[in-house]
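Enquirer: starting from these lines, generate the structure:
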Amino acid sequence: MQKYTPDEIARFVAGRLLDNNGTTGLPWQEHPAAVPEHALTGQSFTGINVLLLWQAAKRYSLNSNRWLTGDDLRQAGGTVIPGQKPVTLVRYRPALSLMKVINLAQCEGLPDALQPGWPLPPQPAVNRGVISSLVTASGIPVVFREGTRPVYRPLHDRIELPTVNCGGSGESCITYGDEMLRLLVQASGHPQRLNRYGLTVDKRTDSVYEALVTDIGTAFLAARLGLPDNRRPQHDGLPAGNNLAADPWRLFRAADDARRAAEWLLARRPVMGEVDTWLKMATFLLSHHYGLVPEETLLTSPALAQRHVDSGITPLMAVNALARIYGWERTDLVQQALFTDELSPDSELLALVETRPELLCCLRQSEEVSSATGVAVTATSALPLLPPPVAEEGGEAANDDGPDEPDDNVVALPWAARRGKTNPHIQEFVSVFNRIAPHENRWQVFSDFAHMAAAALYNAIHRDPTVEADYLRRVKRYSKEDAVQMSGLLAAVTDGLEFSPTDFLGQLLMTLELGNQYLGQYFTPYSVSYMMARMNMADRLPELEDGSREYITVCDPACGAGGMIVA
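Expert: Numbering: from 1, shown residues only. Below you'll find the predicted structure:
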């Protein structure tokens, strides 16, 4: 193949992608629900090559996403069907050059393993539940507000969406999912994440370039998740003002940034995917209850497990079905029964505890007592996994609501074991704080942070123009870099409270030497407050234990005794 300079390759590829003859729309619009891959290695194509292959698949109506090079085709003993043409791609190593590939649907004489559709049947209906898990794993704040339009706000680093009732219309849920993917891609470019060129927290954002990255990145992300493109293009052709003809490298950069955005979001998903979790849970159910190993059954194939996941078949359902078919006997029962009971949901819960304990959650709800019967009634609808704990007479449980010893009530909390230890996030806060606007008065910076953090938290739930105006007035004092680091301070406060729920900001007041010694401002260390609180409560705790008192009242003189109350 003739050698071209990098600029010639860029102009050739950009011209090919922007040529819509014989296709509808741009390559990243109405894309298939799959990423093109090498037919022999299974490795996916990336970046600009994905767009070239999508364009060719639409232009030639190809139903396979698997491709071969010329050398691969010759080694497999196949030939190109007369009249079919290969597709030109970009090779990046060892130097930028061009290469050609051919789709399996354009070939004949291939072995069975390289036939289109081999070795698995077509994928079932798409699973849009992956979008919710992707949002959770990304850690990007999402706020639902009535009457708002879907938008990502870089300054506040949050996604805003209108409330959606997916129970009434499937189309509304699809639209919500498509919008969420688009906003996730846009949010990935925040300075605290990929720090993408084109996205800033002020008015210098290159909106045209960012729109191009968002469109392509959403297509890449949806294809990696197995979701088709149901979006209506927000603009005909390219975004207005795009100068790809003058700068063809702009499209290369946009495709690369889009690839990075999709990979960043996908990398934040749990290490163990749904298929691996399904297989491990099935293995536990087989070995624990029936004394079998997966190799003795049909539950060893990841492809088969994926089909079960897509069809909503749980490991419990699959194991119970096989037990009925083959008449397996339970090995976990002390006495063999005439009719073997099937595994219950408790068995599946136990399997989940053994494989993915981090997925378990317990929703604790307040009980509503009926005035007529005096019987406690607890709503159990829409629980995440476990029913709320119910205390029965005569029974004892770790999460009973009775008047237990206060220390016994908190030993299970993660921070209980860290009580009294140095909080490492205090030094983290101090380090970031000292880098913010060193020319400004330290008390003013601390005060601005406290007000801005409170405003951000408040407006996330109930937007108030006055609070927003105060936020904008304060943030004007700082450069873009300092404003971004302010969010790092809030993250340090959050981590510090997760480490140990104490008066975190009070400790910082003394660490940063912001207290006024002439006014007698002094923060009592938490360890001292805790010791004094235990001494003062020593006479009252027995009254709580024997039930003579349900609670103890404390008089707060409002003169700096808040640390005592917390302790």
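Enquirer: what is the least confident helix or strand in this protein?
Expert: When each helix and strand of the chain is scored by mean pLDDT, DSSP states H and E, strand 376-377 comes last, with a mean of 38.
Enquirer: tell me the buried residues in stretch 281-295?
Expert: For stretch 281-295, the neighbour count (16 or more other Cβ atoms under 10 Å) marks 281-286, 288-290, 292 as buried. Just so you know, the C-beta spots here come from the backbone N, C-alpha and C atoms, and that holds for glycine as well.
Enquirer: got TSV for these, with distance to D229, pLDDT and secondary structure too?
Expert: Formatted as TSV, the buried residues of stretch 281-295 follow (distance: Cβ to Cβ, whole Å; pLDDT from 0 to 100; DSSP: H, G, I helix; E, B strand; the rest coil):
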residue	distance to D229	pLDDT	secondary structure
M281	33	88	helix
A282	34	89	helix
T283	37	88	helix
F284	39	87	helix
L285	38	89	helix
L286	40	87	helix
H288	44	85	helix
H289	44	85	helix
Y290	44	85	helix
L292	43	85	coil
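Enquirer: between the residues you listed, which is nearest L505?
Expert: Of all those, M281 has the smallest distance to L505: 43.7 Å, by Cβ to Cβ.
Enquirer: wait, doesn't the closest one sit right on V353?
Expert: No: counting by Cβ atoms under 8 Å, M281 does not reach V353; the two are 10.1 Å apart.
Enquirer: ok, which stretches of the stretch 351-500 of the chain are helices?
Expert: Using DSSP state H, counting those that start in this stretch, the helices of the stretch 351-500 of the chain run over residues 424-435, 442-461, 465-475, 480-499.
Enquirer: save those helices as JSON lines, and put in mean neighbour count too.
Expert: Converted to JSON lines, the helices of the stretch 351-500 of the chain look like this (neighbours: other Cβ atoms under 10 Å):
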{"stretch": "helix 424-435", "mean neighbour count": "16"}
{"stretch": "helix 442-461", "mean neighbour count": "16"}
{"stretch": "helix 465-475", "mean neighbour count": "14"}
{"stretch": "helix 480-499", "mean neighbour count": "17"}
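Enquirer: out of those helices, which is closest to P345?
Expert: With Cβ to Cβ as the measure, helix 480-499 is the member of those nearest P345 (31.7 Å).
Enquirer: how about the very next helix or strand once past that closest one: buried residues?
Expert: With elements assigned by DSSP states H and E, the helix or strand that comes after helix 480-499 is helix 504-511. Neighbour counts over helix 504-511 (16+ other Cβ under 10 Å) mark 504-509 as buried.
Enquirer: just to revisit the earlier point, closest to F523 out of the helices of the stretch 351-500 of the chain?
Expert: Taking Cβ to Cβ, helix 424-435 is the member of the helices of the stretch 351-500 of the chain nearest to F523, at 12.1 Å.
Enquirer: for that closest one, what is the average pLDDT?
Expert: For helix 424-435, mean pLDDT is 87.
Enquirer: before we move on, the earlier item: any idea which of the buried residues of helix 504-511 the model trusts least?
Expert: The member of the buried residues of helix 504-511 with the lowest pLDDT is L509, at 73.
Enquirer: verify the contact between that residue and P525 for me.
Expert: No: between L509 and P525 there is no contact under Cβ under 8 Å: 11.9 Å.
Enquirer: distance to V143 added to the helices of the stretch 351-500 of the chain, as CSV?
Expert: What follows is those, written out as CSV (distance: least, Cβ to Cβ, whole Å):
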stretch, distance to V143
helix 424-435, 25
helix 442-461, 5
helix 465-475, 14
helix 480-499, 16
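Enquirer: tell me the secondary structure of M99, please.
Expert: Secondary structure, DSSP: H, G, I helix; E, B strand; the rest coil: M99 is strand.
Enquirer: below-threshold pLDDT in the stretch 251-400 of the chain: ranges please.
Expert: 270-272, 298, 334-340, 356-400 (pLDDT under 70).
Enquirer: please enumerate the strands of it.
Expert: Using DSSP state E, counting those that start in this stretch, the strands of the stretch 251-400 of the chain run over 368-369, 376-377.
Enquirer: quick one: T553 and R182, what's the gap?
Expert: From T553 across to R182, the span is 54 Å (Cβ to Cβ, to the nearest Å).
Enquirer: with P27 instead?
Expert: Distance check for P27 against R182: by Cβ to Cβ, it reads 17 Å.
Enquirer: residues in contact with A14?
Expert: By Cβ atoms under 8 Å, 6 or more residues apart in numbering, A14 lies in contact with 244-245, 248, 251-252.
Enquirer: now with 10 Å, please.
Expert: With contact set as Cβ atoms under 10 Å, 6 or more residues apart in numbering, A14 has these partners: 48, 244-245, 247-252.
Enquirer: neighbour-wise, which of those leads?
Expert: Neighbour counts for those, by other Cβ atoms under 10 Å, peak at I48, which reaches 25 neighbours.
Enquirer: pick out the residue nearest the middle of this structure.
Expert: A137 (1.9 Å; Cα atoms, centre = their mean).
Enquirer: next, give phi and psi for that residue.
Expert: When read as degrees, to the nearest 10, the backbone of A137 gives phi -70, psi -30.
Enquirer: that one against R269, yeah?
Expert: Yes: the pair A137 and R269 passes the contact test of Cβ atoms under 10 Å, sitting 4.9 Å apart.
Enquirer: just to revisit the earlier point, neighbour count winner among T553 and R182?
Expert: Looking at T553 and R182 with other Cβ under 10 Å, you find the greater number of neighbours at R182, namely 22 against 6.
Enquirer: what is the neighbour count of the residue lying closest to Q485 once chain neighbours are set aside?
Expert: Spatial nearest neighbour of Q485, chain neighbours left out: I436 (5.2 Å); criterion: Cβ to Cβ, 6 or more residues apart in numbering. Neighbours of I436 under the rule other Cβ under 10 Å: 22.
Enquirer: do L18 as well
Expert: 17.
Enquirer: please apply the same query to P501.
Expert: 13.
Enquirer: in three-state terms, label Y4 for me.
Expert: Secondary structure, three-state DSSP: Y4 is coil.
Enquirer: before I go, just wanted to say thanks for your time.
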